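K.L.:
please find the sequence and the predicted model below.
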Amino acid sequence: MSQIAGRNIGATEYLHRVIDLSSYYDVCGDIHGVSPHEFSELNEAFGDRFRGAHLIAHPIVRFAGSLAISKEMGRHFTRQDFLTMWGLDRAHPISVALLPILGENDDHVPAHYMMHVNGIVRIVRSQPMFKLEALMGADEEWRAMVDYLSGNTITNFGNTWRQLRGVFIGIAHQPFAVGGPRTVWNSLPPEVKKVVSTILADQARDEYAQLGYDVSFVA
């Protein structure tokens, strides 16, 4: 759900407005403007014109980036905040498991982002996925992504992306600039590690492994 002038609008209306504002371009779109669960609605509304895709990355590194930007923004979620956002009651197994780690008032932001990490199981086969790590170093991944998103209408992108090779913009991307997922994992506070190990679902572990992301060190 997006907002315009304080009014909530659905995904279809939102993209119609993006199209209206972008009539001079062959391809238009947005990042984060719609949620993965809205893709089926948009596929039905726009057919082949809608080119939804997922940008994925190693879950621990991406998780650390999310924590960094959340800290910079001053976010702090209590237990009740977390439960309300995810529609969980206090007797839910995740809620019960987190209580001895975070109590009622310790920051539940790590738990919130781990729920997103587990969300891989809902999107893994819904739309094409492109890996951030590959985009940072491979012509092939960029070519595949641009071809897909543009419906093969952008053919002159070439090696333009290379000017951004190794460039990590913003605090959320800084964990990708260090020594790999294990290094990032080892840098996390013990309490945060407990949250990750508690919430990371077995099915999510399996999906990430199939995508080539090792999370065996998360224990």
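P.N.:
Noted; the coordinates are in hand.
K.L.:
what is the neighbour count of residue 16?
P.N.:
For residue 16, the count of nearby residues is 14 (other CB atoms under 10 Å). C-beta: built from backbone N, CA, C; applies to glycine.
K.L.:
could you do residue 73 as well?
P.N.:
10.
K.L.:
and if you look at the one 5 residues further on?
P.N.:
The burial count assigned to residue 78 is 15, neighbours taken as other CB under 10 Å.
K.L.:
what do you get for residue 58?
P.N.:
By the criterion of other CB under 10 Å, residue 58 has 23 neighbours.
K.L.:
how about the one 5 residues further on?
P.N.:
For residue 63, the number of neighbouring residues by other CB under 10 Å comes to 25.
K.L.:
residue contacts, it?
P.N.:
Applying CB atoms under 8 Å, 6 or more residues apart in numbering to residue 63 gives the contacts 110, 113-114, 117, 196.
K.L.:
give me the buried positions along the helix or strand where it lies.
P.N.:
Here residue 63 sits within helix 59-73, counting by DSSP states H and E. By 16 or more other CB atoms under 10 Å, the buried positions in helix 59-73 come out as 59-68, 70.
K.L.:
which outside residues touch whichever helix or strand comes after that helix?
P.N.:
Counting by DSSP H and E, the next helix or strand C-terminal to helix 59-73 is helix 79-86. For helix 79-86, the external contacting residues (CB under 8 Å, 6+ apart) are 77, 88-90, 92, 95, 98-99, 102-105, 108, 111-112, 115.
K.L.:
and those residues, which are buried?
P.N.:
Here, 16+ other CB under 10 Å leaves 77, 88, 95, 98, 102, 108, 111-112 buried among the contacts of helix 79-86.
K.L.:
now, which of the residues you listed lie within helices?
P.N.:
Counted as lying in helices by DSSP state H, out of these, are 95, 98, 102, 111-112.
K.L.:
distance check, the residue of the chain most remote from its centre against residue 161.
P.N.:
Here the centre of the chain is the reference, and by CA atoms, centre = their mean the most remote residue is residue 24, at 29.5 Å. Between residue 24 and residue 161 the computed distance is 23 Å (CB to CB, to the nearest Å).
K.L.:
shaky segments in the protein?
P.N.:
By pLDDT under 70, the weakly predicted segments of the chain are 1-8.
K.L.:
which parts of it are helices?
P.N.:
Per DSSP H, the chain carries helices over the ranges 11-21, 39-46, 59-73, 79-86, 93-102, 109-118, 120-123, 132-135, 139-149, 181-187, 190-199, 202-210.
K.L.:
nearest to residue 173, out of the ones you listed?
P.N.:
Judged by CB to CB, the one of the helices of the chain that comes nearest to residue 173 is helix 59-73, at 6.0 Å.
K.L.:
run the angle between the closest one and helix 109-118 for me.
P.N.:
Inter-element angle recorded for helix 59-73 and helix 109-118: 140 degrees (by axes from the mean of the first three to the mean of the last three CA atoms, to 10 degrees).
K.L.:
that older thread, how about the contacts of residue 63, which pair is most distant?
P.N.:
Farthest pair in these, by CB to CB: 110 and 117, 10.1 Å.
K.L.:
show me what counts as buried in stretch 22-41.
P.N.:
For stretch 22-41, burial by neighbour count (16+ other CB under 10 Å) applies to 29, 34, 38-39.
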